[in-house]
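Trainee: got a structure for you, letters missing:
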């Protein structure tokens, strides 16, 4: 399970009216006219999608989720314009996914929820639960756990309500590793293929939202 919500830096204004009646940027909508589930997400990953709930915000949690839970086999998604932002795309997106392992999960992301809570990646099973909040493991409840104590933390870094609160340390580590790979000719810890795997999931969610159909992935 992935939950990601953040408040857009320019804020948002919740509306009781449909997106069609509200004053907002002129964008192409792929969903039926008059529907509250309307979005301006274009038919490809273009400039209109680079500040949306999924491709710009929650893709980082999806990347972690895929790395830990494995490839996604199929998914079904819904999107929604839930508030007024100065962006031309969805601000709420939900998806149900089935992994190649047979496990199932849910994914929810939004830039419209107020005031913005720490993003979470949750793993639930018959033998225990683990939750990652922000950049830290915050819950580790495992049945008959006899190993080393889990590094559970209560202090987390999150930019969900304040983008300036995001730690630069992960970016620094990645840049250093990339530079070292160039200098030595070694493969970086994170490859372009790794990044594409997360992008494939997001693109699949958008495809499902546009078509209203289940999407199968090659992963």
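Mentor: That came in fine, so what should we check first? Just so you know, these numbers come straight off a predicted model, no measurement behind them.
Trainee: This protein: helices as residue ranges?
Mentor: In chain order, the chain shows helices spanning 59-69, 169-184, 192-211, with DSSP state H as the criterion.
Trainee: Neighbours of the nearest residue to residue 174 once chain neighbours are set aside, how many?
Mentor: Closest residue to residue 174 in three dimensions, ignoring its sequence neighbours and counting by CB to CB, 6 or more residues apart in numbering: residue 190, at 6.6 Å. Heads up, the C-betas are built off the backbone N, CA and C, glycines and all. Applying other CB atoms under 10 Å, we find 14 other residues in the vicinity of residue 190.
Trainee: confidence score at residue 190?
Mentor: According to the per-residue confidence, residue 190 scores 87 in pLDDT.
Trainee: Likewise for the one 4 residues further on?
Mentor: Looking at residue 194, its pLDDT is 88.
Trainee: For it, list the residues it contacts.
Mentor: With contacts defined as CB atoms under 8 Å, 6 or more residues apart in numbering, the neighbours of residue 194 are 63, 67.
Trainee: any weak-confidence spans in the chain?
Mentor: Under the criterion of pLDDT under 70, the regions of the chain flagged as low confidence span 1-51, 84-88, 157-165, 219.
Trainee: so where do the strands sit in it?
Mentor: All strands of the chain, identified by DSSP state E, fall at 2-5, 72-80, 92-99, 104-110, 120-125, 128-133, 136-142, 215-216.
Trainee: For these, could you give me TSV that also reports mean neighbour count and distance to residue 153?
Mentor: As requested, the strands of the chain are exported to TSV (neighbours: other CB atoms under 10 Å; distance: least, CB to CB, whole Å):
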stretch	mean neighbour count	distance to residue 153
strand 2-5	24	18
strand 72-80	21	28
strand 92-99	21	27
strand 104-110	20	23
strand 120-125	16	13
strand 128-133	17	9
strand 136-142	15	4
strand 215-216	16	36
